[in-house]
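model the structure of this input:
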Amino acid sequence: MGKQSQSEKKSFDSEERISNKIASFDPGGVGAVNGNLFGFPHDYAHASTVVIGVPWDVTTSYQDGTCRGPEAILRASPQLDFYDFDNPEAWRQGIYMLPIPQWLLAENRRLRPDAIAIIRNAEQGITPDDNLDLAAALERINQGCRAMSRWVSHQTQVALQQQKKIVVIGGDHSVPLGALEALSQEYLSFGILHLDAHGDLRHAYEGFQESHASIMFNAMQLPQISKLVQVGIRDISHGEMSMIQDSNDRIVTYLDTQLKQANYAGKSWLEQCQDIVRHLPEHVYISCDVDGLDPKLCPHTGTPVPGGLNLEEAYCLWREVVRSGRHIIGCDICETGNHEWDGNVSARILYKLFSLMNMGEGGSEL
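Numbering: from 1, shown residues only. Next comes the predicted model:
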């Protein structure tokens, strides 16, 4: 009985300390470097939103380094100010980032040379079908990617069971598949609003079953995902366009050039956002590959492409999801480069999505 009482007292004291930290937190003060995003005082239990950082860019086919994206975002996050136009008191809802798993970073480091060998040989016309060593390397990579996705799925399930909202930050764009799998067990139907320069509808690109270029192809294998609405696409293959055209309107793609042509013809961006959102169901998952933005914003992303949206255009689009009465059930921010500026921009994207996800949870109305 005495031991139990002592344990209960420690738990109560810990709870009181956290509550006092939250009550005394000054969002206008100097950003604290305390290991949590934005220097916020919340822990897992007191946060509405859990962030899962995934240090993974094994299958990147252009430039690597996005495995350090979660760290770049975390480092930059205390430099922000926290008055948000849409939800001025969003910070009170609490956001907590899980420790970045070092074992995943080690696996990424171990498997990346295998992926580079496969990619370089593919450029010379040599595939794993032609070479036993490459075939073994490909098997190792596919197993590693699946293990990563299972870990993300598990962390998402744990958070959802505790009624937390989730954000996945990468890492390359393969990393949210596990979260989508977990959400498909919670929701009978939901849609994805996908901001990207690329279609990401390739089947096992370069042989990698969970390639960064295959995330939306893999997502479309989940029957619970009733709609994929893509925005800002400007690098896409013939095969991907055929998949879109054969999808019976399950996939709707807004090419960057089409959006800009409509703007040149006098259609406002707000009107275009409203048209885009009309395709989405009640529950919406937002997938943000930062290369969907103008590359001046995140120049060290994995596969930069000229064109794209500016930051306020992205915010306007996501804002219309909430204005329409739809519900954001989760999101990801992927392909952030390991650079101070990229981390700064992605931290701002993260805070905006956190703010919008928590509208109606104690924040102001739009």
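
and the closest residue to Asp256 other than its chain neighbours, what is it in contact with?
The shortest distance from Asp256 to any non-neighbouring residue, by C-beta to C-beta, 6 or more residues apart in numbering, is to Arg234 (4.0 Å). (C-beta placed from N, C-alpha, C; glycine too.) Contacts for Arg234 (C-beta atoms under 8 Å, 6 or more residues apart in numbering) come out as 197, 255-257, 305-308.

out of those residues, which are inside helices?
The helices, defined by DSSP state H, take in 256-257 from the contacts of Arg234.

out of the contacts of Arg234, which end up buried?
197, 255-256, 305, 307-308 (16 or more other C-beta atoms under 10 Å).

got the contact list for the residue lying closest to Ala314 once chain neighbours are set aside?
Nearest residue to Ala314 in three dimensions, chain neighbours excluded: Leu195, at 6.1 Å (C-beta to C-beta, 6+ apart). When contacts are counted by C-beta under 8 Å, 6+ apart, Leu195 touches 231-232, 286-289, 292-293, 309, 314, 317.

the residues you listed in helices, which ones?
Going by DSSP H, the helices hold 314, 317 from these.

Leu160: which of the contacts of Leu195 is nearest?
Ile286 (16.4 Å; C-beta to C-beta).

for that closest one, name its beta-bridge partners.
Bridge pairing for Ile286 (DSSP bridges) gives the partners Leu193, Cys331.

grab the longest helix from the protein for me.
Under DSSP H, the chain gives helix 132-161 as its longest helix.

show me what that one is packed up against.
Here helix 132-161 touches strand 49-54, helix 102-123, strand 165-170, helix 177-186, going by 3 or more C-beta pairs under 8 Å, 6 or more residues apart in numbering; DSSP states H and E.

6 Å instead, please
Under the contact criterion of 3 or more C-beta pairs under 6 Å, 6 or more residues apart in numbering; DSSP states H and E, helix 132-161 touches helix 102-123, helix 177-186.

of the ones you listed, which is nearest Glu15?
helix 177-186 (28.0 Å).

can you give me the buried ones in that closest one?
For helix 177-186, by 16+ other C-beta under 10 Å, it's 177-184.
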